[in-house]
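Peer 1: Any chance you could fold what I've pasted below:
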Amino acid sequence: MATSKLQQVDITPNALLAGRYRVLGILGQGGMGTVWRVKDQVKGCEVALKTIRSTGEVTAAQELAFREEYRAMTRLRHPNTIEVFDFGVLDARTRFLTMAMVPGRELLDVIAGRAMPYETAYSLLSQLLRALDFIHSRLYVHRDIKAANVRVRDDGTLVLMDFGLMAQLGTAGGGGMSGSPGYMPPESIRGGMIDGMADLYSVGCLAFEMLTGRVPFTGSLRDVLRAHVETPAPLLRTRRPDAPVELERIIAKLLEKEPCKRYRGAAEVLADLALVAGTEYACPNLAQAQSYLVAGAMVGRERELHAMDNALQRAMTGIGNTLLVGAPGGTGKSRLVAELLVQARLQDVMVLEGRCREGRQAPYGPLVEALQPLRAILALDDVEHAAALDLIFRDQFPGTGELVALPEEQLRRAAHEQLADWLVLASQKQPVVLALDDLQWADAMTQDAVRALARRVGEMRLLLTGTLRDDELGAAPYLRSADEGGLALLRLAPFSPDQVSALLDATLREYAINQPVMARLVGTTGGNAFFLTETLRLLMDEGALVQRAGTWIFPEHADRLDVPTTVD
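Peer 2: This next block holds a predicted model:
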């Protein structure tokens, strides 16, 4: 496999990982791996880097679970969940993913064995339930809700962490230990089916802890697990006599032994909690609402995604190729390529990303951005290419050399050829995807380099991909032809009415809309995914599209739907 040619990596303070992550220290450590605080040298910010390292004890199932953790997190972008960025391989036995650094404190430290003020508990519980309502709408179950997996920012924002046990709804519990004992739902212990109601049981345990200072059941591991299955949960008011009766009823319903007796979903809990806590907890805030506008999985582009995946598989087997995605702005080009890059990372492919920007930019700017991690990896053992590559990286790359005496055009050609040599060398170590976004704005130097790479891509385990607005190619006319320079072009058509409906199904999940309003949305947006999404965002912002008891309610009258008539 691709990892076999990677050298063993020692993870120590100040080490550089994957060519871009400088190790600053340890954030946490467990039996399967470590979470490190690192500096992303490319983006210039600190992130958390989580590793899973095999020492002969990590099973194939555990490694698969780590990959699935990353896959799930890429599909769960919500203000109350942690954001994930990168996934990759460090050596033959070490995988990693990177996540946002979340300042603040663990909820376990906030509770600190003491009963929490009601207002604080209501705020945190409503945020947690909103996160779970979103996660469940994407057909996932978290399976490890506990105080240690929640952080609270200084401004009171709750962030749900650690998706290592994430599974699809309907997964078999398997019995035994899968989660944290103090919060484990009975069906997980018994081996029943795990769905959103399992998370709600764990929320009940956590809510009890927030309101009393300790979880419902304590003692030995055996005693706690048996109590979850056999012993009725203590009533809230036995531990906190001043608790509202209705709040006690909510907690008791969450802690029912049989899933069918619990709430059917987080939205129902939120509705009852709002009756106790106040109407300010009844509706999601704008950021929470707008998180539903991103589909959990690719919708309406199955054929195109299949073509992109075929191009990736060819590159991985040694048949380098190009496939650019072209369409007018807002048609879903970047979303399609982003999905491809997730799949590439999960298959241990090195992903290099750069973006062309409108207006003035430094020559080779997108390539410098994309190749930074590769430069750090190859610079030490590939000094022979430093002179020519200095033209591309300028003072960012070590080395000068004799090529500076050549005429400028000849120097550029030599640099582009040695850039191709460099990528040949890199792809021998690991398959590579080079993705350049918004190529219609590429500077002339980048255009020339892309053409040079396309001519030699067959020598590499490389997929050269990217996006371009094919209706704005005045600055890059060479991209008009799908055949020129070996550049293949995949064009996206606007969404059909059925695809628009599928997009709403994948984003909002539960919604109520009549046919005239649907026709108005389809007709106005013309099947442009960006236009549709931004129209829905505007309706949410104006309070015209609201969520009630888990269902998104559209306005009833199409002629009163005040939306822009053009994407501009």
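Peer 1: Ramachandran coordinates for the residue nearest to residue 459 when sequence neighbours are not counted?
Peer 2: If the residues on either side of it in the chain are set aside, residue 459 comes closest to residue 424, at 5.4 Å by C-beta to C-beta, 6 or more residues apart in numbering. All C-beta atoms are positioned from the backbone trio N, CA, C, and that covers glycine. Recorded main-chain torsions at residue 424 are phi -60, psi -50, according to degrees, to the nearest 10.
Peer 1: neighbours around residue 424, how many?
Peer 2: The burial count assigned to residue 424 is 17, neighbours taken as other C-beta atoms under 10 Å.
Peer 1: And it, how close does it get to residue 344?
Peer 2: Distance of residue 424 to residue 344, computed by C-beta to C-beta, to the nearest Å: 19 Å.
Peer 1: cool, residue 182 as well?
Peer 2: As defined by C-beta to C-beta, residue 182 lies at a distance of 39 Å from residue 344.
Peer 1: Comparing the two, which residue is more hemmed in?
Peer 2: More neighbours sit around residue 344 than around the other of residue 182 and residue 344, counting by other C-beta under 10 Å; the figures are 25 against 21.
Peer 1: Low-confidence ranges, the chain, go.
Peer 2: Scanning the chain for pLDDT under 70 picks out the ranges 1-8, 30-32, 54-59, 173-178, 377-389, 394-407, 472-486, 568.
Peer 1: Leaving aside the residues adjacent along the chain, what's closest to the residue nearest the centre of it?
Peer 2: For the chain, residue 74 is the residue whose C-alpha lies nearest the centre (C-alpha atoms, centre = their mean; 2.0 Å). Taking C-beta to C-beta, 6+ apart as the measure, residue 74 lies nearest to residue 342, with 5.2 Å between them; neighbours along the chain are not counted.
Peer 1: Restricting to C-alpha, output whichever strand or helix holds that neighbour in PDB.
Peer 2: Secondary structure assigned from DSSP states H and E places residue 342 in helix 333-346. Output for helix 333-346, consisting of C-alpha atoms alone and laid out as PDB, is shown next (Å, rounded to 0.1, in the frame of the first residue of the first chain):
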ATOM      1  CA  LYS A 333     -17.800  22.800  -8.400                       C
ATOM      2  CA  SER A 334     -15.900  23.300  -5.100                       C
ATOM      3  CA  ARG A 335     -18.300  21.100  -3.200                       C
ATOM      4  CA  LEU A 336     -17.700  18.300  -5.700                       C
ATOM      5  CA  VAL A 337     -13.900  18.600  -5.500                       C
ATOM      6  CA  ALA A 338     -14.000  18.900  -1.700                       C
ATOM      7  CA  GLU A 339     -15.900  15.500  -1.600                       C
ATOM      8  CA  LEU A 340     -13.200  14.000  -3.800                       C
ATOM      9  CA  LEU A 341     -10.400  15.300  -1.500                       C
ATOM     10  CA  VAL A 342     -12.100  13.700   1.500                       C
ATOM     11  CA  GLN A 343     -12.100  10.400  -0.300                       C
ATOM     12  CA  ALA A 344      -8.500  10.900  -1.400                       C
ATOM     13  CA  ARG A 345      -7.300  11.500   2.200                       C
ATOM     14  CA  LEU A 346      -9.100   8.500   3.400                       C
END
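Peer 1: Just name whatever secondary elements it is in contact with.
Peer 2: In terms of contacts (3 or more C-beta pairs under 8 Å, 6 or more residues apart in numbering; DSSP states H and E), helix 333-346 is packed against helix 60-74, strand 84-91, helix 302-316, strand 321-326, strand 350-355, strand 432-437, strand 462-468.
Peer 1: Nearest to residue 551, out of those?
Peer 2: Across those, residue 551 has its closest neighbour in helix 60-74 (24.2 Å, C-beta to C-beta).
Peer 1: which residues are contacting that closest one?
Peer 2: 32, 52, 54, 81-84, 87, 95, 97, 99, 140, 163-167, 342, 345-346 (C-beta atoms under 8 Å, 6 or more residues apart in numbering).
Peer 1: what about the strands in the stretch 151-300 of the chain?
Peer 2: 158-160, 167-168, 171-172, 193-194 (DSSP state E, counting those that start in this stretch).
Peer 1: Could you list every helix and strand in contact with the third one?
Peer 2: Helices and strands touching strand 171-172, as assessed by 3+ C-beta pairs under 8 Å, 6+ apart, comprise strand 193-194.
Peer 1: Identify the neighbouring strands of the strand it packs on in the sheet and state each direction.
Peer 2: Paired neighbours of strand 193-194 in the sheet (DSSP bridges): strand 171-172 (antiparallel).
Peer 1: Now do the partner strand: distance to the chain's middle.
Peer 2: On the basis of C-alpha atoms, centre = their mean, to the nearest Å, the separation between the geometric centre of strand 171-172 and that of its chain is 23 Å.
Peer 1: again with stretch 425-443
Peer 2: With C-alpha atoms, centre = their mean, you get 21 Å for stretch 425-443.
Peer 1: Give the buried residues for that stretch.
Peer 2: Buried residues in stretch 425-443, counting neighbours by 16 or more other C-beta atoms under 10 Å, are found at 425-427, 429-443.
Peer 1: Check stretch 298-305 too.
Peer 2: Counting neighbours by 16+ other C-beta under 10 Å, one finds that the buried residues in stretch 298-305 are 298, 299, 300, 301, 304, 305.
Peer 1: Restricting to C-alpha, output stretch 254-263 in CSV.
Peer 2: Extracted C-alpha coordinates of stretch 254-263, given in CSV (Å, rounded to 0.1, in the frame of the first residue of the first chain):
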residue,chain,number,x,y,z
LEU,A,254,-34.7,10.7,29.0
LEU,A,255,-33.6,8.0,31.4
GLU,A,256,-36.2,5.5,30.6
LYS,A,257,-34.8,2.0,30.2
GLU,A,258,-36.7,1.2,27.1
PRO,A,259,-35.9,3.5,24.1
CYS,A,260,-39.6,3.5,23.0
LYS,A,261,-40.5,5.3,26.2
ARG,A,262,-38.0,8.1,25.7
TYR,A,263,-38.3,11.2,23.6
